[in-house]
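> Here is my input, please return the structure:
(2 chains)
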Amino acid sequence: EDKVVQSPLSLVVHEGDTVTLNCSYEVTNFRSLLWYKQEKKAPTFLFMLTSSGIEKKSGRLSSILDKKELFSILNITATQTGDSAVYLCAVAETSGSRLTFGEGTQLTVNP
Amino acid sequence: NAGVTQTPKFRILKIGQSMTLQCTQDMNHNYMYWYRQDPGMGLKLIYYSVGAGITDKGEVPNGYNVSRSTTEDFPLRLELAAPSQTSVYFCASRHTNYGYTFGSGTRLTVV
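Okay, the predicted model is just below:
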């Protein structure tokens, strides 16, 4: 059974801190790993990673995948209160027919 | 281009009642999905469809039914609502080689 595990489940930091969110996975036929940010409503897409060692970057957010260790991290530098959200990691199989989600990391950034 | 549209946004059902959650997309996506998200949890796949006329079960299909008579529409049916079905339901769609687009969700409470 495919499995995605995120850690920590909850994190509270102060504005300006840097955070690292972790995602490990066990998937039979790996195709890609996706990161989403979820505030009050639907998840919004952040990154899709398919290759090991290539960092994807968007502003203060960056992510990298290690397909040997079956692991990805999401980094957020100089955090802001607007970064407070649940960050979801999901893995897609090669068939592309489904995503398996982790439980998410609840990030709270205090002023 | 509306993306993925879900209706209703909120609903309260009594135990044993039935209802249909509507989902439609205007992006001509092949793949469509229904997920449920319980408080503090990640998304769990209920049903998915790889094209019109084709549906398949996900992780948690019990108590639900779907149909896909057209590319655009993928309704989710609850026949006999139970308190365990209290959740937020997300519909999503995907083109073959691209990322997922989520609807804004339906918050369902069964009392």
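> need the next SSE after the helix-or-strand element of chain A with minimal mean pLDDT, C-terminal direction.
Ranking every helix and strand in chain A by mean pLDDT, DSSP states H and E puts strand A:99-101 at the bottom, with a mean of 87. With elements assigned by DSSP states H and E, the helix or strand that comes after strand A:99-101 is strand A:105-110.
> How about that following strand, which residues are buried there?
A:105-107, A:109 (16 or more other Cβ atoms under 10 Å in any protein chain shown). In short, each C-beta sits where N, CA and C put it, glycine included.
> Run me through the strand neighbours of that strand, direction for each.
Here strand A:105-110 has these sheet partners by DSSP bridges: strand A:10-14 (parallel), strand A:85-93 (antiparallel).
> circling back: make TSV out of the buried residues of strand A:105-110 and add distance to residue B:48 and pLDDT.
Formatted as TSV, the buried residues of strand A:105-110 follow (distance: Cβ to Cβ, whole Å; pLDDT from 0 to 100):
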residue	distance to residue B:48	pLDDT
A:105	25	95
A:106	27	94
A:107	29	96
A:109	34	97
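> which among those residues gets closest to residue A:48?
Closest approach to residue A:48 among the buried residues of strand A:105-110 (Cβ to Cβ): residue A:105, at 18.2 Å.
> which ones are touching the closest one?
A:6-11, A:21, A:86-87 (Cβ atoms under 8 Å, 6 or more residues apart in numbering or on different chains).
> Try it again at 10 Å.
A:6-11, A:19, A:21-23, A:74, A:85-89 (Cβ atoms under 10 Å, 6 or more residues apart in numbering or on different chains).
> How about the contacts made by the residue nearest to residue B:80 when sequence neighbours are not counted?
Excluding the flanking residues, the one nearest residue B:80 by Cβ to Cβ, 6 or more residues apart in numbering or on different chains is residue B:16, at 5.5 Å. Residue B:16 sits next to B:79-82, B:110 when contact means Cβ under 10 Å, 6+ apart.
> ok, back up a step: taking the buried residues of strand A:105-110, tell me the two that lie furthest apart.
A:105 and A:109 (12.4 Å).
> list residues touching both of the two?
A:11, A:19, A:85.
> Might one say that the second one is in contact with residue A:80?
No: using Cβ atoms under 10 Å, residue A:19 is not in contact with residue A:80, being 11.4 Å away.
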